[in-house]
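Colleague: need a 3D model of the sequence below.
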Amino acid sequence: MYQQVEQLILFKPKSDSILGRIADLSKREVASAGELSFELCRLIELAFEWNFSGDLWNCYLTYFLLTDENAFTLSRERKMCEDDALSAVARRDVGIIRGLFGYDLEGLCKRCGLDGVDSLREFNILKALKRSDAGEILAKAAERLSGAESDDEFYDILTQIYRTLGVGEMGFYRAFRIDTSSGKAEIKPIISADPARFSDIIGYDEQKSELLKNTRAFLAGKAANNVLLYGDGGSGKSTSIKALINECWEDGLRLIEAYKYQMSYLPDVIAKIKGRGYKFILYIDDLSFEEFEAEYKFLKSVIEGDVEGKPENLLVYATSNRRHLVRETWRDRGDMEHNNDMHHSDTLEEKLSLASRFGLSINFSTPSRKQYHDIVAALARKNGVVMDEEELFRKADAWEIRRGGMSGRAAQQFINYMIGSGGEPQGQKE
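Modeller: So this is what the prediction gives:
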C-alpha cells in the first residue's frame, strides 16, 4: 500500500491524514498496535460525523477523493476544458486509488496484533440515524465508485461528480459562516442549515417571486443585482434568503453569512471564493450602521469592486429595518457645521449612497389586519390547530397587541403558543 500511495502526484495525501498514516504503518515490518488503533479511532469518528455505513475504508477513500482540492478537481468543478496532460496524470492517480478500494485492512490489523475489527467492512451501527445532506451525498458517491468495473468507469463517475457537485466542503454544504477567531477569515460550513422553504412564508408572493427571479438570473450567468430586503421586523426577510438557498443549492448556489463587524475581512473571503465553480450570496442580516461607524465603506468597496474587481460569482443580499441602512440625524441635514466637517451634506450623501449600491430593493412591510389573519389561519391549518375562526382571530389580535404588533413572526409565535398550552395569551407587551 505504501508504494501505491507514494506514487500519487495530484491526489497526494497529507502525512498526518488517515490515508497517509495508515500507508506509513503498512510499510513497517513491525507496526505499532497503538498507532494503528489511533488511526482506526479517527476513522470511526469520521464515520460518526458523516454517518458512514458499510465498508468504512471505501467510504473514507470516497471522502478523500471528494474533498481533495487540487489542480484537477478544481478545474473540473469550474467545468474547464479537458487538458490532456492534466487528465492523464489524474487518470493515473485515480487508478491507483481505485486499487486501494478493498485494501486488506484486517490483515494489517492482525499483523499489528489488533483483533475484533472485522466489523469495519460492515459498519452499520449508525444505519438507523438520519443522514445529513452531506452524509447522503457521500454515501451515494461511495456506492457508485465501489461498483465501478474499470478504471475508466471509476474516472468517469468521479469527474461527473466534480462537475455537478464540486469538490471540498463547498460541494457538501449549502451555507457557510465567516470565522475570524484566528485573526484571519476562514469559511466554515454550517452543518445544520435552517431548512426554511418559501412555502413556510405566508403571503409576500410578489417579494418572493422578485427575489427568486433575480437569483435564477444570477445562476444562469445573466445580469443580476445585489439585493436589499428592507422593512419591518418579523416580516420574513431573513427567512426568504434562507429559503432561497434551500430552493437553489443543487443548482450551485451557496450562501456565506457575514456580520457587520466582519466587513474588513471581506476582501479575504472574496479571494477564497473567486474562481470557484459556485455562485455565492454574501448574506448580511439586520444590516445598519450608526453615524460613527465606518464599516459600511468596506461593504461599498465589495459591492462596487476595487481595482481587482468584484468576482462574477458573488452577489450581496442584505436585510435591514432601515431603507437607507445608515441612521440619519438632524445634524446630517445641515450644510454648515462646526465639527471639523464643513459640508455635512456630503457626509450624508456618502452614507445614503450605500443603499443605492443595491440594484434591487424589496420592501417587506407590516401586514394589514386581514393579511395578518390570513397568515394566522394558514399557520393554524398547517400545524393542526382547530378552532372557530372568529375565536382564533380574537386570540391572535390579543397576542399581537401584547407582543408589539402584527407580523409573520408574531403569528408564528402565537401558533406555537396555542400548540404548546392553548388558552388566552398571557404576558406584557415588550
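
Colleague: quick one: low-confidence parts of the chain?
Modeller: Low-confidence segments of the chain, defined by pLDDT under 70, are located at 116-121, 123-131, 289-296, 305-309, 322-353, 422-430.

Colleague: list the contacts for the residue positioned nearest the centre of it?
Modeller: Geometric centre of the chain, nearest residue: residue 175, 0.9 Å, by Cα atoms, centre = their mean. By Cβ atoms under 8 Å, 6 or more residues apart in numbering, the contact set of residue 175 is 189-190, 193-194, 242, 245, 254-257. The C-beta positions use only the backbone N, C-alpha and C, and glycine is treated the same way.

Colleague: any idea what it is bridged to?
Modeller: residue 255 (DSSP bridges).

Colleague: could you check how far it is from residue 186?
Modeller: Separation of residue 175 from residue 186 (Cβ to Cβ, to the nearest Å): 15 Å.

Colleague: counting by contacts, list what the helix or strand hosting residue 303 packs against.
Modeller: Counting by DSSP states H and E, the element that carries residue 303 is helix 296-304. Judged by 3 or more Cβ pairs under 8 Å, 6 or more residues apart in numbering; DSSP states H and E, helix 296-304 is in contact with helix 266-273, strand 314-320, helix 344-356.

Colleague: distance from the shortest one to the middle of the chain?
Modeller: Strand 314-320 has its average C-alpha position 15 Å from the chain's average C-alpha position, going by Cα atoms, centre = their mean, to the nearest Å.

Colleague: before we move on, what about the first one?
Modeller: Here helix 266-273 shows a centroid-to-chain-centroid distance of 15 Å under the convention Cα atoms, centre = their mean.

Colleague: what about dumping the CA coordinates of it to CSV?
Modeller: The C-alpha trace of helix 266-273 is given here as CSV (Å, rounded to 0.1, in the frame of the first residue of the first chain):
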residue,chain,number,x,y,z
LEU,A,266,-14.5,40.6,3.1
PRO,A,267,-11.5,41.0,0.7
ASP,A,268,-10.0,37.8,2.2
VAL,A,269,-13.3,36.0,1.8
ILE,A,270,-13.6,37.1,-1.8
ALA,A,271,-10.1,35.8,-2.6
LYS,A,272,-11.1,32.4,-1.3
ILE,A,273,-14.3,32.1,-3.5
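
Colleague: mind checking which helix or strand residue 363 is in?
Modeller: Using DSSP H and E, residue 363 maps to strand 360-364.

Colleague: circling back to that earlier point, from residue 318, how far off is the residue nearest to the centre of the chain?
Modeller: According to Cβ to Cβ, residue 175 stands 16 Å off from residue 318.

Colleague: from the contacts of residue 175, list just the buried residues.
Modeller: The neighbour-count test (16 or more other Cβ atoms under 10 Å) marks 189, 193, 242, 245, 254-257 as buried among the contacts of residue 175.

Colleague: any chance you could map the strands in this protein?
Modeller: Here the chain has its strands, by DSSP state E, at 175-179, 186-189, 227-231, 253-258, 279-284, 314-320, 360-364.

Colleague: buried ones in stretch 64-84, by neighbour count?
Modeller: Neighbour counts over stretch 64-84 (16+ other Cβ under 10 Å) mark 64-66, 68, 72-77 as buried.

Colleague: need the contact list for the closest residue to residue 4 other than its chain neighbours.
Modeller: The shortest distance from residue 4 to any non-neighbouring residue, by Cβ to Cβ, 6 or more residues apart in numbering, is to residue 96 (5.3 Å). Residue 96 is in contact with 4-5, 7-8, counting by Cβ under 8 Å, 6+ apart.

Colleague: if we can go back for a sec, include distance to residue 222 when you put the buried ones among the contacts of residue 175 into JSON lines, please.
Modeller: Below are those laid out as JSON lines (distance: Cβ to Cβ, whole Å):
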{"residue": "189", "distance to residue 222": "28"}
{"residue": "193", "distance to residue 222": "26"}
{"residue": "242", "distance to residue 222": "23"}
{"residue": "245", "distance to residue 222": "19"}
{"residue": "254", "distance to residue 222": "18"}
{"residue": "255", "distance to residue 222": "20"}
{"residue": "256", "distance to residue 222": "21"}
{"residue": "257", "distance to residue 222": "25"}
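
Colleague: re earlier: show residues contacting the strand holding residue 363.
Modeller: Contacting residues not belonging to strand 360-364 are listed as 204, 207, 210-211, 214, 225-232, 235-237, 240, 323, 355 [Cβ under 8 Å, 6+ apart].

Colleague: just to revisit the earlier point, list only buried entries from the contacts of residue 96.
Modeller: The neighbour count (16+ other Cβ under 10 Å) marks 5, 8 as buried among the contacts of residue 96.

Colleague: and the end-to-end length of stretch 99-107?
Modeller: Chord length of stretch 99-107, first to last residue, is 16 Å (Cα to Cα, to the nearest Å).

Colleague: mind listing what's buried in that stretch?
Modeller: 100-101, 103, 105-106.

Colleague: same deal with stretch 366-381?
Modeller: For stretch 366-381, by 16+ other Cβ under 10 Å, it's 367, 371-373, 375-377, 379-380.

Colleague: in CSV: the residues you listed, plus distance to residue 151.
Modeller: Compiled in CSV, the buried residues of stretch 366-381 are given as follows (distance: Cβ to Cβ, whole Å):
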residue, distance to residue 151
367, 60
371, 61
372, 63
373, 64
375, 57
376, 61
377, 60
379, 55
380, 59
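
Colleague: of those, closest to residue 387?
Modeller: residue 380 (7.0 Å; Cβ to Cβ).

Colleague: next one: the closest one from residue 388, what distance?
Modeller: According to Cβ to Cβ, residue 380 and residue 388 sit 11 Å apart.

Colleague: isn't residue 278 up against residue 165?
Modeller: No - in this structure residue 278 lies outside contact range of residue 165 using Cβ atoms under 8 Å: 10.3 Å.

Colleague: my guess is residue 17 contacts residue 61. True?
Modeller: No - assessed by Cβ under 8 Å, residue 17 is found out of contact with residue 61, at 11.3 Å.
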